[in-house]
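Peer 1: The sequence and its predicted three-dimensional model are supplied below.
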Amino acid sequence: MERKWTILVVAAVVIAVILVVALVFFNGNNDGRSDKGPGHNEVWIKNLTFDPFNITISVNTTVTWTNLDGVSHTVTSDDVGLFDSGILSDGDTFQFTFVEEGQYFYACSIHPEMHGMVTVVA
Ligand SMILES: [Cu+2]
């Protein structure tokens, strides 16, 4: 009889642990980027805007742009030739590493009204 209770208690503990692990796991997933907006050093291209409009980073940081729009965009520096992603389709990403302090302006060459800015600090 005692052994049966022991088995039941062990089973209950195992089930409780599985539930806690599952809850932690699913909460972790909900904290993912799709709900919370762009992560560190990341710019989302969404609804014909760069989000954030101005991203502030340290020197030697790589910024990642991700196109989350149904239409194509580019990430093209106003300073001609500094960086240009070319056409980014939905889901495409572009990365650029900023090695000098300063303010960098860019736009989408397909939609010139789309502007963004990178502020690089020491
Ligand atoms: Cu565009």
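Peer 2: Structure's in. What do you need? Numbering: from 1, shown residues only.

Peer 1: Pull out the buried positions in the host helix or strand of Y106.
Peer 2: Assigned by DSSP states H and E, Y106 belongs to strand 102-107. Across strand 102-107, burial judged by 16 or more other Cβ atoms under 10 Å covers Y104, Y106, A107. Bear in mind the C-beta positions are built from the backbone N, C-alpha and C, glycine included.

Peer 1: Out of those, flag the one nearest to the ion.
Peer 2: The ion lies nearest to A107 out of the buried residues of strand 102-107, by Cβ to the ion, at 8.4 Å.

Peer 1: these two touch, right, the closest one and D79?
Peer 2: No. At 11.3 Å, A107 and D79 do not qualify as touching, with contact defined as Cβ atoms under 8 Å.

Peer 1: who's in contact with stretch 41-58?
Peer 2: Residues from elsewhere that reach stretch 41-58 (Cβ atoms under 8 Å, 6 or more residues apart in numbering): 33, 37-38, 61-69, 71, 73, 75, 88, 98, 106, 108, 111, 113-122.

Peer 1: Contact partners for K4?
Peer 2: When contacts are taken as Cβ under 8 Å, 6+ apart, K4 is in contact with no other residue.

Peer 1: is it true that it lies in a helix?
Peer 2: Yes. When DSSP: H, G, I helix; E, B strand; the rest coil is applied, K4 is found to be in a helix.

Peer 1: that older thread, could you restrict the contacts of stretch 41-58 to the ones contacting the ion?
Peer 2: Within the set of these, contact with the ion (Cβ under 5 Å from the ion) is found for H73, C108, H111, M114.

Peer 1: export those residues to a markdown table and tack on pLDDT and secondary structure?
Peer 2: Rendered in a markdown table, the data for the ones next to the ion among the contacts of stretch 41-58 read as follows (pLDDT from 0 to 100; DSSP: H, G, I helix; E, B strand; the rest coil):
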| residue | pLDDT | secondary structure |
| --- | --- | --- |
| H73 | 98 | strand |
| C108 | 98 | coil |
| H111 | 97 | coil |
| M114 | 98 | coil |
